[in-house]
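Enquirer: Got a predicted structure here, sequence first:
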Amino acid sequence: MSITLTIPHRYRGPLDSANGGITAGLLAGTLGGAVEVTLRVPPPLDTPLAVRPAQDGGVVLLHGETIVAEARPADPDLAVPPAPSWDEVVALARAVEAAGATIINTGIGWHEARIPTIA
């Protein structure tokens with residue numbers, strides 16, 4: 001396997017490194033299927049990174065001799081819990097309101113980062 005990944009500057013994450021999600025997605029795409037990716041160091045931007053096979057059936061992403069990320073096939077246990085009933089949701093909302101809440105934000109929103117990551 002001889003693959004090279006280059007992450008363009010437009011996918012900048014914190015400081016001058018690549019966004020971790022983009023990096024993980026690109027590396028996972030070299031394996032296909034369910035994959036677990038671990039970032040080891042901030043991925044460099046606009047730099048060719050080598051993808052090499054790993055002994056566990058996965059791949060490593062290299063910047064020179066430095067391991068930037070590792071990916072391996074995964075078998076996630078995705079047991080999804082049952083959704084609450086409408087009556088359970090209404091009961092919870094009433095309990096939250098009775099506790100003094102006047103608004104509930106269910107959005108994930110921006111993560112808290114020291115460095116703004118929007119270009």
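Expert: Great, that's in hand. As the structure is a computational prediction, the values presented were derived from the model and not from experiment.

Enquirer: now Gln55, what's its secondary structure?
Expert: coil (DSSP: H, G, I helix; E, B strand; the rest coil).

Enquirer: One more: Ala79?
Expert: coil.

Enquirer: Report pLDDT for it.
Expert: pLDDT for Ala79: 86.

Enquirer: biggest helix in the protein by residues?
Expert: The helix that spans the most residues within the chain, counting by DSSP state H, is helix 86-98.

Enquirer: Point out the other helices and strands that it packs with.
Expert: Packing partners of helix 86-98 (3 or more CB pairs under 8 Å, 6 or more residues apart in numbering; DSSP states H and E): none among the helices and strands. All C-beta spots, glycine's among them, are computed from the backbone N, C-alpha and C.

Enquirer: Can you get me the centre-to-centre distance for it and its chain?
Expert: Offset of helix 86-98 from its chain centre (CA atoms, centre = their mean, to the nearest Å): 32 Å.

Enquirer: Likewise for stretch 15-27?
Expert: 8 Å.
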